[in-house]
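# model the structure of this input:
(one chain, ligands or ions: 2)
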Amino acid sequence: MLIAAALAAGAASASALAGTSDADIAALVAKENARVVAWRRDFHQHPELSNRELRTSGIVAEHLKRLGLEVTTGIAKTGVIAVLEGGKPGPTVALRADMDALPVAEKTDVPFRSTATATYQGETVGVMHACGHDAHTAILMGVAEILAGMRAELPGKVMFIFQPAEEGAPDGEEGGAPLMLKEGLFASTKPDALFGLHVFSTLPAGTIGYRPGAFMAGSDGLRIVVHGRQTHGARPWAGLDPIVVSAQIISALQTVVSRQVDLTENPAIVTIGTVRAGTRGNIIPEAVEMRGTIRTYDPAQRTDVLARVTRTATRIAEASGATAEVQFGATPNPVTRNDPALTLRAVPTLTRVAGEGHIREIGLQTPSEDFSYFAREVPSLFFFVGVAKPGVPANEVADNHSPLFYVDESALPVGVRALTQLTVDYLTGRMK
Ligand SMILES: [Zn+2]
Ligand SMILES: [Zn+2]
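Ligands and ions are numbered 1, 2, ... in the order given. As a prediction, the model looks like this:
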């Protein structure tokens with residue numbers, strides 16, 4: 001009788017804890033919020049660059065172990081994976097957060113602003129969570145805690161993926177989503193569905209933005225080196241001026257998109273972001289190095305744009321007697337493509353979370369995401385949660401990657417609730 005009473009008491013308290021209704025989840029998210037905010041502020045104040053997320057991943061792993069999950073550390077250098085086994089059989093849902101910060105010196109006035117510095121490509125730089133990955137990591141830690149509390153009620157499994165180096169590994173290193181896959185992320189368990197979110201500067205705080213199919217651009221890094229012949233700045237004919245050739249190349253590259261690509265089919269972008277050459281005003285240098293990025297949304301269009309960029313740069317150089325070497329990055333991000341059927345199934349869940357009027361289908365986004373590598377393997381949905389301060393117009397907010405990037409923390413519980421509710425609805429078959 002004692003045993004029966006204890007069991008009954010246990011069952012009662014478990015079911016009180018383990019409710020999976022919308023109201024239960026909303027209450028659990030509200031209760032968890034203070035911790036999520038504290039984690040996010042702590043990560044914000046202690047940001048770490050790509051492939052260097054040692055402190056962050058240590059805190060994540062500790063938390064997941066404390067929840068009793070099966071935790072693997074050190075995947076793709078600092079990545080952490082945890083698996084939550086539900087109390088009943090069922091499918092597997094994976095959830096992904098990224099943990100890395102950027103070489104940006106913070107200029108916000110939040111009390112927990114970062115003053116961290118690190119060495120990046122040989123230079124000392126400020127480090128800031130200017131893309132909001134601090135929020136993603138804290139949100140997913142909160143989701144893990146809530147789902148772990150209802151594990152007895154959950155049919156199936158949840159895989160938590162805490163990913164390093166989304167912004168790209170430093171030169172000469174591998175990292176991020178492709179390295180996680182290479183190291184066997186989905187080798188033993190292939191999830192049935194994968195969800196991820198990104199905080200986004202130009203949507204109002206708490207508003208969810210989604211798009212079925214192609215969502216975020218594919219990106220290719222671009223490096224062009226124009227080789228000339230160094231000479232006196234007063235005697236250009238005695239050498240071969242790579243600066244003038246580079247100027248022609250930069251202008252001509254803008255015609256690839258504006259004059260050569262059918263913009264009614266897909267947009268594309270060619271940007272040169274750095275131009276490095278020379279030491280003095282009176283020396284024509286030996287070479288110019290330019291770096292840039294290319295964004296496309298379709299594999300055939302991508303191949304075509306890359307070929308046109310190569311042809312434009314090499315032939316313009318050739319016309320002047322110079323040479324141009326054109327290289328594309330070793331790990332291009334594919335287009336982030338949301339599974340259309342999964343997206344349609346998830347919209348009612350996300351609408352319940354955000355509230356009518358606070359969710360919208362949005363246009364193609366030109367940033368890229370290495371979530372796209374996972375989305376090629378598993379039916380996936382990646383969506384945005386707005387973090388703009390209420391009252392600030394979209395054209396005045398500081399973008400992701402800006403030193404003034406700001407996360408309105410009222411968005412955090414929306415993110416926690418969205419990932420929790422998507423997981424519960426998927427596993428319990430509530431997502432039709
Ligand atoms: Zn970013
Ligand atoms: Zn990001």
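
# now stretch 137-153, how far from the centre of its chain.
21 Å (CA atoms, centre = their mean, to the nearest Å).

# stretch 370-385 now?
Computed by CA atoms, centre = their mean, the chain-centroid distance of stretch 370-385 equals 10 Å.

# over to stretch 120-132?
Centroid displacement of stretch 120-132 relative to its chain, using CA atoms, centre = their mean, is 16 Å.

# repeat for stretch 73-88
Distance, centroid of stretch 73-88 to centroid of chain: 19 Å (CA atoms, centre = their mean).

# buried residues in that stretch, which are they?
For stretch 73-88, the neighbour count (16 or more other CB atoms under 10 Å) marks 73, 75-84, 86 as buried. For the C-beta atoms, the positions are set from N, CA and C on the backbone; glycine is no exception.

# same check on stretch 162-177?
162-169, 175-177.

# what is the mean pLDDT for it?
On average, the pLDDT along stretch 162-177 is 95.

# residues contacting the nearest residue to residue 234 once chain neighbours are set aside?
Nearest residue to residue 234, sequence neighbours excluded (CB to CB, 6 or more residues apart in numbering): residue 282, at 6.7 Å. Counting by CB atoms under 8 Å, 6 or more residues apart in numbering, residue 282 makes contact with 232-234.

# per-domain residue ranges of the chain.
19-216+335-427, 218-328 (automatic domain parsing).

# looking at the ones you listed, which is buried most?
For these, average neighbour numbers computed from mean count of other CB atoms under 10 Å are highest in domain 19-216+335-427, which has a mean of 20.

# can you give me the end-to-end span of that one?
Distance across domain 19-216+335-427, first residue to last, is 14 Å (CA to CA, to the nearest Å).

# please compute how far that domain lies from its chain's middle.
With CA atoms, centre = their mean as the basis, the mean position of domain 19-216+335-427 lies at 8 Å from the chain mean.

# before we move on, what about stretch 252-262?
Relative to the centre of its chain, stretch 252-262 is centred 28 Å away, using CA atoms, centre = their mean.

# next secondary structure element downstream of the helix or strand harbouring residue 292?
Per DSSP states H and E, residue 292 falls inside strand 287-296. Downstream of strand 287-296, the next assigned helix or strand under DSSP H and E is helix 299-319.

# which elements pack onto that next one?
strand 218-227, helix 242-255, strand 287-296, strand 323-328 (3 or more CB pairs under 8 Å, 6 or more residues apart in numbering; DSSP states H and E).

# reformat these as TSV; add distance to residue 315 and mean pLDDT.
Formatted as TSV, those follow (distance: least, CB to CB, whole Å; pLDDT from 0 to 100):
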stretch	distance to residue 315	mean pLDDT
strand 218-227	12	98
helix 242-255	9	98
strand 287-296	16	98
strand 323-328	9	98
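
# closest one to residue 271 among the ones you listed?
strand 287-296 (5.1 Å; CB to CB).

# contacts for the closest one?
Contacts of strand 287-296 (CB under 8 Å, 6+ apart): 217-228, 242-243, 245-246, 249-250, 253, 266-277, 302, 305-306, 309, 328, 335, 366, 368.
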